[in-house]
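[1] what's the 3D shape of this:
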Amino acid sequence: MSVFVSESPAREAAAAFATLCEESIACLNLAVSGGSTPRALFRLLATEFREHIPWQRVAVFQVDERCVPPTDSQSNWKMLHEELLAHVPNLTAFRMEAERPRAAEDYERVIRDNAPANEVGVPRFDLILLGMGADGHTASLFPGTDALSEERRLVVLNAVPQLSTERITMTYPLINAAARRWFLVQGADKAPAYARIHSHGDVPAALVADADWFVDASVVGAK
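    Just a heads-up that it's a prediction; the model follows:
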């Protein structure tokens, strides 16, 4: 695990992604999370770093999604489209149609059809971008929810009682099969969960294997 501390984790991650693209000669399968923190990253990728990335070789997938249509203000896809996809016409992206029945099963099929598999048949993303909530959740893998123990399915509909909702999310078998896992985290409210990852290891983000962390000082400074 590597930790990169900076005033702008989004800029640090954008620069690292541009370098990864420059060094790769193959297509890149990228999975991205929703939430507020990635918004700055998507804006940077669509503007300052846009010309440094061979977008025609990038395919974007969603890590998780709320069960709402893509026009809803809570939709992760809506934010991703507004901040990145609308500004990069050559970019291929696959939406989680989370408002539809069997959305999880359908998206797992999309992933299997469009991402190469590893030696045991699990699709292997080149990079998965993750966030972390103050409760230590990542993707839509929240504390105490059933998806934490899923070992077979790659994408599931996960009931989140503490939010009185359900979400579609990738599971650990898929996330941990990726070539790279990057966390993008900022804000002092995330510091207690970050500390628990390195002490008790009892929050959902701690179950993500061998990840790199792009954080600001407030995340690693508070105890």
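[2] where does pLDDT dip in this protein?
    25, 222-223 (pLDDT under 70).
[3] ok, longest helix in it?
    Counting residues, the longest helix found in the chain (DSSP state H) is helix 9-23.
[4] and the angle from the helix or strand that that helix is followed by to helix 9-23?
    Where DSSP states H and E defines the elements, the next helix or strand beyond helix 9-23 is strand 28-32. With axes from the mean of the first three to the mean of the last three Cα atoms, to 10 degrees applied, the angle from strand 28-32 to helix 9-23 works out at 160 degrees.
[5] work out the sheet partners of strand 28-32 and label each with its direction, please.
    Paired with strand 28-32 in the same sheet, following DSSP bridges, are strand 58-62 (parallel), strand 127-130 (parallel).
[6] how far is the longest helix of the chain from where the chain is centred?
    Relative to its chain's centre, helix 9-23 lies at 15 Å (Cα atoms, centre = their mean, to the nearest Å).
[7] tally of neighbours for residue 103?
    18 (other Cβ atoms under 10 Å). Backbone N, C-alpha and C define where each C-beta goes, glycine included.
[8] in stretch 137-151, which residues are buried?
    By 16 or more other Cβ atoms under 10 Å, the buried positions in stretch 137-151 come out as 137, 138, 139, 140, 141, 142, 145, 147, 150.
[9] how about the residues you listed in a markdown table, adding distance to residue 211?
    Formatted as a markdown table, the buried residues of stretch 137-151 follow (distance: Cβ to Cβ, whole Å):
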| residue | distance to residue 211 |
| --- | --- |
| 137 | 14 |
| 138 | 9 |
| 139 | 12 |
| 140 | 17 |
| 141 | 13 |
| 142 | 18 |
| 145 | 20 |
| 147 | 18 |
| 150 | 19 |
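[10] now do the helices in the protein.
    Using DSSP H, helices in the chain cover 9-23, 37-46, 76-83, 103-114, 172-175, 191-198, 217-221.
[11] nearest to residue 120, of these?
    For residue 120, the closest of these is helix 172-175, at 9.6 Å, according to Cβ to Cβ.
[12] thinking again about what came up before, point out the most buried one among the strands paired with strand 28-32.
    Most buried of the strands paired with strand 28-32 by mean neighbour count (mean count of other Cβ atoms under 10 Å) is strand 127-130; its value is a mean of 25.
[13] what's the offset of that one from the middle of its chain?
    With Cα atoms, centre = their mean, you get 4 Å for strand 127-130.
[14] if we look at that strand, which residues are touching it?
    Here strand 127-130 makes contact (Cβ atoms under 8 Å, 6 or more residues apart in numbering) with 13, 17, 20, 28-33, 38, 41, 63, 138-139, 170, 175, 178-184, 205, 208, 211.
[15] filter the residues you listed to the buried ones?
    The buried subset of the contacts of strand 127-130 - by 16+ other Cβ under 10 Å - is 13, 17, 20, 28-33, 38, 41, 63, 138-139, 170, 175, 178, 180-184, 205, 208, 211.
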